[in-house]
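1. Predicted coordinates and the sequence they were generated for:
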Amino acid sequence: MPTARELIDQAESAMAETEAAIRNHPFARAIEDGRAGKAALHLFLGNQYQMWKSNDVSVSMARFANHPYRDVFLTPPEVEASAARECVALAARLGMEQRVLERFEPNAQAFAYAAYKAWLICYGSAAELACARALNLAAWGHNCGLISRGLQTHFGLTKEETRFFDGFSGLEKLKEKAAVVIDDDLKNGVEPFMIVRAARLMQDYEKAFWDTMARLSGIRPAP
């Protein structure tokens, strides 16, 4: 039986190529270096807003709401609500009204991440969700940092106005807490391969989101 630490290492190895692709993604880089216009940002924010609304529903249905390591599984409801408000404020600053966000039609490939997260919350084990979330947040936070810098440098926004992104850019991996959860579930019979699979799939869905943003925006890697 592998240890939790060994499984986390396996998961990171399985998703290493995807992780690198996300961290150097042309969509986030295009915003950072000023090649992306407002249409790309509107696309991003519209999809993000709809995903955050899904996250609110997921949190309210969570089976792990009273778990001692709840922060490994779920973003606190107050943080979810704050992020949604900041998304609305940022969109308004970029010329996108809230009614447009509310009626925005999310792309299926972009929305798949939120759907998979909701599925894990409803049906996955604590270990699957903990490992997937702990290893996913760092890449997302990294790209949020790139976008925040791009908005401040090329769109004249202030740090206060980019709080939607800055709230994630400093996220640390929650590996140690996830390891405790994984060890407990391994003792209860959760299959190790399912834990690694969950982490890999969540990262694949993360990449699918960024790939979809680039494809719909017509953004290609910088020459």
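-> Looks like it came in fine.
2. and the longest helix anywhere in the chain, what other elements does it pack with?
-> Counting residues, the longest helix found in the chain (DSSP state H) is helix 126-154. Helices and strands touching helix 126-154, by 3 or more C-beta pairs under 8 Å, 6 or more residues apart in numbering; DSSP states H and E, are helix 4-14, helix 16-23, helix 26-32, helix 70-73, helix 108-123, helix 163-169, helix 175-187, helix 192-217. Backbone N, C-alpha and C define where each C-beta goes, glycine included.
3. what's the next helix or strand after the fourth one packed up against?
-> Using DSSP states H and E, the helix or strand that follows helix 70-73 towards the C-terminus is helix 77-93. With contacts defined as 3+ C-beta pairs under 8 Å, 6+ apart, the packing partners of helix 77-93 are helix 38-60, helix 98-102, helix 163-169.
4. What average pLDDT does helix 77-93 get?
-> Averaging pLDDT along helix 77-93 gives 80.
5. now do stretch 17-35
-> Averaged over stretch 17-35, pLDDT sits at 96.
6. what sits up against that stretch?
-> 12, 36, 40-41, 44, 139-140, 142-143, 146-147, 149-151, 153-154, 200, 203-204, 206-207, 210-211, 213-214, 217, 219-222 (C-beta atoms under 8 Å, 6 or more residues apart in numbering).
7. Quick check on the residues you listed: which are buried?
-> Among the contacts of stretch 17-35, those classed as buried by 16 or more other C-beta atoms under 10 Å are 12, 36, 40-41, 44, 139-140, 142-143, 146-147, 149-151, 200, 203, 206-207, 210-211, 213-214, 217, 219.
8. ok, now how distant is the spatially most central residue of the chain from Leu186?
-> Centroid-nearest residue in the chain: Trp140, 5.0 Å away (criterion: C-alpha atoms, centre = their mean). The gap separating Trp140 from Leu186 is 26 Å, by C-beta to C-beta, to the nearest Å.
9. Kindly report the same for Ile8.
-> Note on Ile8: its distance to Leu186, by C-beta to C-beta, is 12 Å.
10. Next, Val190: phi, psi?
-> According to degrees, to the nearest 10, the main-chain angles of Val190 amount to phi -70, psi 130.
11. Leu157 contacts Arg149, doesn't it?
-> No: contact criterion C-beta atoms under 8 Å: Leu157 and Arg149 do not qualify, at 10.3 Å.
12. and Ala132, what is it in contact with?
-> Applying C-beta under 8 Å, 6+ apart, the residues contacting Ala132 are 120, 124, 198-199, 201-203.
13. Now the two most distant members of the residues you listed.
-> Gly124 and Gln203 (14.9 Å; C-beta to C-beta).
14. Tell me how many other residues crowd Met15.
-> 25 (other C-beta atoms under 10 Å).
15. which residues does it contact?
-> Counting by C-beta under 8 Å, 6+ apart, Met15 has contacts 135, 199-200, 203-204.
16. change it to 6 Å
-> By C-beta atoms under 6 Å, 6 or more residues apart in numbering, the contact list for Met15 reads 200, 203.
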